[in-house]
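**Student:** Got a sequence here, can you model it:
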Amino acid sequence: MNKAFTFTIKNICLDENYQPADNTRITTNFANLARGASRQQNLRNALKMIDDRFNALAYWDNLKGDRYSVQLEIISVEMDMQKSGYSFPSIEVLKTNIIDHQTNERIEGIVGNNFSSYVRDYDFSVVLGAHNKGRAQFSIPDDFGELHGKLFKCFVNSSAYKEHFKKLPVICLSVSDSKTYQRADNQHPVLGYEYIPNESSLTEQYFKKMGLQVRYFMPSKSVAPLAFYFSGDLLNDYSNLELISTISTMETFQKIYRPEIYNANVVAGNCYQPNLHNQDHALTKIVYDREERSQLAIKQGKFAEQHFIKPYQTELEQWSANYGV
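**Tutor:** Sure thing, here's the model as predicted:
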């Protein structure tokens, strides 16, 4: 059944005029910004923050701090079930592109960055809850994330992915407030100081099944490390400008969504534990409904269960069992 479905990739520009499509996961970070009365100002402010941060990091040959701007594309991936003709909204990520105003060059950035998936919502909002209902101690099902991981790897290895993108994805997430991070001696010129977690997290284990490993770095003038999920060699497979495009984009989003960590007034030290209850932080002027987002994740997990997991359970189980064999 490895050929039971194909992937269709669609892209749309994320600019101040962006409006989410009807089938966009509305828990997606950028889609949440693009709703309500402040939508255009939200987007304008966020994009300005991204450009400013990019130029601050790419400071060489950039005396006025305005040489570059970042253009963002929303990449929506649909999985087409060939036997049934059904198309399911599988994955949504961001693609960065860099505009060099000095040379008038458009430089391809990194695909990935923000990561959204209906099946991930299903795993975390439906499967985990059902598995732990009535249990005294939290546990994880043995096959947790197996299907999602194989679907992701199948997409990255697909001809559709290779036709659209030259390099493997990098996904950038916030650190976990349940772990402690120790600063290492290793320092990268763009990514900054590396941090080492005291233990593995559920998110790390989940992304490992997607074929991704993780490293944590705190870029210059950041206040907390970011989690970079990748396959291959993060430090050598991507150029400085490519890495800066991801840092500037995802750090901006995290300042909006996790200001307690990424807009804190105190910089992470040698030993760092993130705190989502930290009161010593600044707020951006960008409106974001964090409570609504958590509620919608449950609804969208149930959508995946109703429209994808249950109707195609037998086919998906067979495909998953045979994938990679």
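**Student:** going forward, measure contacts and count neighbours with C-alpha atoms only.
**Tutor:** Fine.
**Student:** after the strand or helix carrying Gln182, next one along is what?
**Tutor:** Per DSSP states H and E: Gln182 is located in strand 181-188. Remark: after strand 181-188, the chain's next helix or strand is strand 192-197, criterion DSSP H and E.
**Student:** okay, the angle between that next one and strand 181-188?
**Tutor:** Here the directions of strand 192-197 and strand 181-188 differ by 150 degrees (axes from the mean of the first three to the mean of the last three CA atoms, to 10 degrees).
**Student:** next helix or strand past strand 192-197?
**Tutor:** Criterion used, DSSP H and E; the element after strand 192-197 is helix 202-208.
**Student:** what's the spacing between stretch 107-117 and its chain's center?
**Tutor:** In this view, stretch 107-117 has its centroid 7 Å away from the chain centroid, taken as CA atoms, centre = their mean, to the nearest Å.
**Student:** Show the average pLDDT along it.
**Tutor:** Summarised as a single mean, pLDDT over stretch 107-117 is 94.
**Student:** Tell me which residues are up against that stretch.
**Tutor:** Residues outside stretch 107-117 that contact it (CA atoms under 8 Å, 6 or more residues apart in numbering) are 25, 28-29, 90-100, 165, 167-173, 241-243, 245-246, 249-250.
**Student:** export that stretch as CSV, just CAs?
**Tutor:** Output of stretch 107-117 as CSV, limited to C-alpha atoms (Å, rounded to 0.1, in the frame of the first residue of the first chain):
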residue,chain,number,x,y,z
ILE,A,107,17.4,33.5,-1.9
GLU,A,108,15.6,30.3,-1.0
GLY,A,109,15.3,29.7,2.7
ILE,A,110,14.2,26.7,4.8
VAL,A,111,11.0,24.7,4.6
GLY,A,112,9.5,23.5,7.9
ASN,A,113,9.8,26.1,10.6
ASN,A,114,6.2,26.1,12.0
PHE,A,115,4.7,22.6,11.9
SER,A,116,1.0,21.7,12.0
SER,A,117,-0.7,18.4,11.6
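**Student:** Buried residues, that stretch. List them.
**Tutor:** By neighbour count on 16 or more other CA atoms under 10 Å, the buried set for stretch 107-117 is Glu108, Gly109, Ile110, Val111, Gly112, Asn113, Asn114, Phe115, Ser116, Ser117.
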